[in-house]
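Enquirer: After the sequence you'll find the predicted model.
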Amino acid sequence: MKKLEKSKKNNLFKKIFIKICRILGFEIIDQSNFHSPTLGKNLNDTLSTQGKKSITIPMGQINIKKKVRSLKIIVRACTSELIMDQNKRRIFDCEKNEYTFRTLRSLVKAVNKAKEKFENINFELIVTDTNSPNSDLDIIREILKKSEIKNKVISLNLNEFKNRIKNGYSKAKFSNMANFYNSLLIAKNEEADLIYFVEDDYLHSIDSMVEMIFSYEKFYSLFSQEVILLPSDYPYLYTKDENTKVYLGEKNHWRLVSESLVTFMTSKTLIDKHFSELEIMGLEWTDPWERPLHKIYNSYPCLSPIPSLAVHCANINSIFGISPFVNLKKLWDNNEN
């Protein structure tokens, strides 16, 4: 009887202690049960709270300094160009429109999962298209209908950019530059906390958007400045003899990098501040084209996930394409429909 009363008192004390810890913002870890009673979660679960705190066992807690309230995803599409100014075939040897469709399906799945996780974030998915046939645009619209967020398709009139972009470029380069320029204008003129610029040949894992949003908040708070996040672990960056640092995101490792292709996520604040530098990529073709973007990386942390959250579907031999240690065949098959 005495043991029962003592047990009841201990349980009551424990409940009161947990409530006090919750009020004070402290978390309790019960290592014997691999459980956090204050969070009500197993330690293998996601322990972070979006917009409030990032928790990594055993590193502890980081209070979030900037809460993400909106994310605008801008996909640059062109189903008629296989690989710009090249005759090479892509992995899986399909027509270009198939890569566009599967990219969008993978993004829709990733965004839908993020929407379930982050009910208070406003998402929008925009496809800006150049020269795709109407039959492909109809399929793109059908794919977007499966998303649970606001979406739209914009067909660019390339004639509107002839007086802005320098002459002498191939049709493919001109189209690519105009599409990126238009994406920048959307980012500049519309409101969003985060902007994600995406090329239409990146297959995303279903957890990619959740990881990138959590990690953006964490890294902004850690560095106390804006950051740029890449979705891909590019193989060509492993050929460079550069020092780097590795950080813990939500569920992924992330490493500092100094280069990328033109698929990246960052804040509207950074885009507005460096619009004139980014605009150069829409006006003239430098070598490499991404050079203005790389210069910005000298001033802000740019991080790449390990392993990759999205895979660039280039030629099998391209060092700019397939990320290491990712089951690309499974990712490809999962986004067939």
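Expert: Right, received. Where do you want to start?

Enquirer: CA only for contacts and neighbour counts going forward, please
Expert: Will do.

Enquirer: Strands of the stretch 151-300 of the chain, start to end?
Expert: Here the stretch 151-300 of the chain has its strands, by DSSP state E, counting those that start in this stretch, at 194-199, 202-204, 228-229, 246-248, 253-256, 264-267.

Enquirer: Let me know the average pLDDT across the shortest one.
Expert: Taken as a whole, strand 228-229 has a mean pLDDT of 98.

Enquirer: Now do it: everything it contacts.
Expert: Strand 228-229 has contacts (Cα atoms under 8 Å, 6 or more residues apart in numbering) with Met212, Tyr216, Phe264, Met265, Thr266, Ser267, Tyr297, Tyr300, Pro301, Cys302, Leu303, Ser304.

Enquirer: and if you look at the first one?
Expert: The set of residues that contact strand 194-199 without belonging to it, under Cα under 8 Å, 6+ apart, is 68, 70-77, 183, 187, 262-268.

Enquirer: Identify the residues contacting the strand or helix carrying Ile73?
Expert: Under the criterion of DSSP states H and E, Ile73 resides in strand 70-77. With Cα under 8 Å, 6+ apart as the test, strand 70-77 has contacts from 100, 121-130, 132, 179-180, 183, 192-200.

Enquirer: Which strands and helices lie in contact with the helix or strand following it?
Expert: Following strand 70-77 in sequence order, the next helix or strand is helix 96-117 (DSSP H and E). Under the contact definition 3 or more Cα pairs under 8 Å, 6 or more residues apart in numbering; DSSP states H and E, helix 96-117 sits against helix 134-145, strand 202-204, helix 208-223.

Enquirer: List the strands paired with the second one, with their directions.
Expert: It refers to strand 202-204. Its sheet considered, strand 202-204 pairs with strand 310-312 (antiparallel) by DSSP bridges.

Enquirer: what comes into contact with the partner strand?
Expert: 201-205, 208, 231-233, 320-323, 328.

Enquirer: please redo it, this time with the cut-off set to 10 Å
Expert: 90-91, 99, 103, 106-107, 199-208, 230-234, 261, 263, 318, 320-324, 326-328, 331-332 (Cα atoms under 10 Å, 6 or more residues apart in numbering).

Enquirer: Now, of those, which are buried?
Expert: Buried members of these, counted by 16 or more other Cα atoms under 10 Å: 90-91, 99, 103, 106-107, 199-208, 230-234, 261, 263, 320-323, 326, 328, 331-332.

Enquirer: Output the below-cut-off pLDDT ranges for the stretch 151-300 of the chain.
Expert: Within the stretch 151-300 of the chain, not a single segment meets pLDDT under 70.

Enquirer: How many residues are close by Ser135?
Expert: 8 (other Cα atoms under 10 Å).

Enquirer: Would you mind measuring from it to Ile126?
Expert: Relative to Ile126, Ser135 is positioned 18 Å away (Cα to Cα, to the nearest Å).

Enquirer: same deal with Leu104?
Expert: 10 Å.

Enquirer: again, but for Ser106
Expert: 14 Å.

Enquirer: Just give me the closest of the contacts of strand 228-229 to Gln50.
Expert: Relative to Gln50, the closest of the contacts of strand 228-229 is Tyr216; by Cα to Cα it sits at 10.5 Å.

Enquirer: The closest one reaches Glu226, doesn't it?
Expert: Yes - contact criterion Cα atoms under 10 Å: Tyr216 and Glu226 qualify, at 8.8 Å.

Enquirer: Can you pull the residues that touch both of these two?
Expert: Lys66, Thr266, Ser267.

Enquirer: So which of Leu104 and Ile126 has more stuff around it?
Expert: More crowded of Leu104 and Ile126, by other Cα under 10 Å: Leu104, with 27 against 19.

Enquirer: one step back: of the contacts of strand 70-77, keep whichever come out buried.
Expert: Using 16+ other Cα under 10 Å as the burial test, the contacts of strand 70-77 include 100, 121-130, 179-180, 183, 192-200 as buried.

Enquirer: Quick check: the gap between Val68 and Ser106.
Expert: In this view, Val68 and Ser106 are 22 Å apart by Cα to Cα.

Enquirer: no wait, Glu142
Expert: Remark: distance between Glu142 and Ser106 (Cα to Cα) = 14 Å.

Enquirer: Equivalent analysis for Pro305, please.
Expert: Pro305 is 17 Å from Ser106, by Cα to Cα.

Enquirer: do Met177 as well
Expert: 25 Å.

Enquirer: How about Lys330?
Expert: Counting by Cα to Cα, the gap from Lys330 to Ser106 is 12 Å.

Enquirer: Also Arg164?
Expert: Per Cα to Cα, Arg164 is found 34 Å from Ser106.

Enquirer: try His274
Expert: Distance from His274 to Ser106, by Cα to Cα: 30 Å.

Enquirer: and if you look at Leu331?
Expert: 9 Å.

Enquirer: shared neighbours of those two, which are they?
Expert: Leu203, His204, Ser205, Ile206, Ala310.
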